[in-house]
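# fold the stuff below for me.
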Amino acid sequence: MFNKTTSFIFQKYGEIFQDLSRSRHKSKPGGRKINKISNKKVNFMYCNNDDTYIRVDDGIVMLVVTTDIETAPIEQFVIHRVIKIKAGIYFNFISITNNSKIEISSRSNISNQKYPLSETFAYERIIPNVEIKEVLACYYQVRNANYNFAGESHDHWELTFIDNGQLETSIDGEFYTLKNYDLILYGPRQYHTQHTTANNSCSYLTVMFDMECNNPEELQNRVFNANRETLNAINNFVRMSNNETVYNKDLMICYLKETIIKLLHTDLMDDNPVANTPMQQKFENELLNEILLYINDNIYTAITIEKLCQEFSISRSSLQQLFKNNLNTAPKQYISDLKLKKSKLLIKESKYTISEISNILGFASIHYFSRKFKQQFGITPTDYAKTIYN
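Predicted structure coming up:
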């Protein structure tokens, strides 16, 4: 998430005003200029001996700022309202939109001296790495034993997901075996074959689509096994393919894209295996729901893993696996996260001090509570309280 200049964190660098008239600022000759910017990175900073006032006239602009270009971290804020940058602060601008226009003014002449950075600072644009242009075809196929498809290649992507059974396939002469919940992607112009053995039938989903991907090699020539999140995305894709609502095709593309991104995340994240049977899944859902209700009802007490295991007659390893499979987190982490969320609500109520909130939620000390709060939300409890009061 971005910080805006209206954030409490910006106050160490300057102030904000609704407009220049409220800042009581009057620029002198040589102390005002208009800049048109389109850059996405900076390799130098400005610094003035007097306060500098900034107003964005067009576009969306990121302020890049630091107290010291050699020792202090560089922070970034989206400019919101008129801002004053304190004298002696190093700053520069990045245009988030394609082009922007800013007005810079000061009571004294604006310095054009540039202070070089040791490393270029670049804005990381929020743009897709995966773009699915069109779903060309999708169908569910059931193949009996001894099915044989001699092979083909084409200019689009093809996804095969095994719902049940076993399928043998080859890609450019390399052979692979696909079993329940396995997926494979055939890239453009990759020659591929499919067949079943004498003892195995197979039911599978085929999706053909046009896609642009920055890292296609991470998807090709490998077998993926669908974890719970990937399987949910595939199921949603199939559900939308059978739906006649106005935007079902848009959702199909969204869910297919989610599937691809989940596969790209395979090497970055822990496995999240699927329950073996619907009955097992139903049992897991009911048990997990009871545990979550218990945690929520007792969040102001010291909840231990041992207490949960005893309360629900479950082993420690089974409890860990239950949370990992369904919530992709450990039970201890879940409890900690929930306590921290509750602490934000208590701070907003303004009934208790930070120390009292730490005690109410059962943290070992206020220092431990403050450290965990900052790790989770990027700000200390005290500073968070100030953002509310201000």
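
# now residue 68. Nearest residue, chain neighbours left out?
Counting by C-beta to C-beta, 6 or more residues apart in numbering, residue 68 lies nearest to residue 90, which is 7.3 Å off, once chain neighbours are set aside. Using the backbone N, CA and C atoms, a C-beta is placed for each residue, glycine as well.

# any stretches of the stretch 201-350 of the chain with poor pLDDT?
Within the stretch 201-350 of the chain, the stretches with pLDDT under 70 are 268-284.

# just the strands in it please.
Using DSSP state E, counting those that start in this stretch, the strands found in the stretch 201-350 of the chain span residues 202-213, 223-225.

# now the first one, how far from the centre of its chain.
So the one you mean is strand 202-213. Distance of strand 202-213 from the chain centroid (C-alpha atoms, centre = their mean, to the nearest Å) equals 25 Å.

# now the shortest one
In terms of C-alpha atoms, centre = their mean, the gap separating the centre of strand 223-225 from the centre of its chain is 23 Å.

# circling back: out of the strands of the stretch 201-350 of the chain, nearest to residue 387?
Minimum separation from residue 387 across the strands of the stretch 201-350 of the chain (C-beta to C-beta) falls at strand 202-213, 40.0 Å.

# elements contacting the closest one?
Here strand 202-213 touches strand 130-143, strand 157-165, helix 228-241, helix 248-264, going by 3 or more C-beta pairs under 8 Å, 6 or more residues apart in numbering; DSSP states H and E.

# buried residues, the next helix or strand after the shortest one. List them.
Read it as strand 157-165. Later in the chain than strand 157-165, the nearest helix or strand by DSSP states H and E is strand 167-171. Buried positions in strand 167-171, judged by neighbour count with 16 or more other C-beta atoms under 10 Å: 167, 168, 169, 171.

# buried residues in whichever helix or strand comes after strand 167-171, which are they?
Next along the chain after strand 167-171, taking DSSP H and E as the criterion, comes strand 174-178. Using 16+ other C-beta under 10 Å as the test for burial, strand 174-178 gives residue 178.

# and residue 306, what is it in contact with?
residue 316 (C-beta atoms under 8 Å, 6 or more residues apart in numbering).

# please report how far it lies from residue 374.
28 Å (C-beta to C-beta, to the nearest Å).

# equivalent analysis for residue 190, please.
Noted for residue 190: a distance of 48 Å to residue 374, by C-beta to C-beta.

# returning to what we had before: quick one: closest of the helices and strands packed on strand 202-213 to residue 175.
Per C-beta to C-beta, nearest to residue 175 of the helices and strands packed on strand 202-213: strand 157-165, 14.3 Å.

# what is the closest one packed up against?
Helices and strands touching strand 157-165, by 3+ C-beta pairs under 8 Å, 6+ apart, are strand 182-186, strand 202-213.

# give me the helices and strands touching the shortest one, please.
The criterion is 3+ C-beta pairs under 8 Å, 6+ apart, and the helices and strands that strand 182-186 contacts are strand 157-165, strand 167-171, strand 223-225.

# distance to residue 237 added to the ones you listed, as TSV?
Below are these laid out as TSV (distance: least, C-beta to C-beta, whole Å):
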stretch	distance to residue 237
strand 157-165	9
strand 167-171	19
strand 223-225	15
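
# for residue 75, find the nearest of those.
Of all those, strand 223-225 comes closest under C-beta to C-beta, at 39.0 Å.

# what does the strand or helix carrying residue 118 contact?
Following DSSP H and E, one finds residue 118 within strand 115-122. For strand 115-122, the external contacting residues (C-beta under 8 Å, 6+ apart) are 40-47, 64, 69-70, 74, 90.

# can you count the residues close to the nearest residue to residue 136 once chain neighbours are set aside?
In space, and not counting its chain neighbours, residue 136 is closest to residue 208: 4.4 Å by C-beta to C-beta, 6+ apart. Residues lying near residue 208 (other C-beta atoms under 10 Å) number 16.

# need the contact list for residue 208.
Residues in contact with residue 208, defined by C-beta under 8 Å, 6+ apart, are 135, 136, 137, 138, 154, 156, 157, 158, 159.

# quick one: contacts for residue 150?
Going by C-beta under 8 Å, 6+ apart, residue 150 touches residue 193.

# same thing but at 10 Å, please
Neighbouring residues of residue 150 by C-beta atoms under 10 Å, 6 or more residues apart in numbering: 193, 194, 195.

# and the pLDDT at it?
Predicted confidence (pLDDT) for residue 150: 95.

# on the three-state scheme, it is what?
strand (DSSP: H, G, I helix; E, B strand; the rest coil).

# now it: how far from residue 136?
Note on residue 150: its distance to residue 136, by C-beta to C-beta, is 21 Å.

# likewise for residue 194?
Taking C-beta to C-beta, one finds residue 194 at 18 Å from residue 136.

# quick one: which of the two has more around it?
Set side by side, residue 194 and residue 136 show more neighbours around residue 194, with 23 against 13, by other C-beta under 10 Å.

# grab the nearest non-local neighbour of that one.
Per C-beta to C-beta, 6+ apart, closest to residue 194 is residue 149, 4.4 Å.
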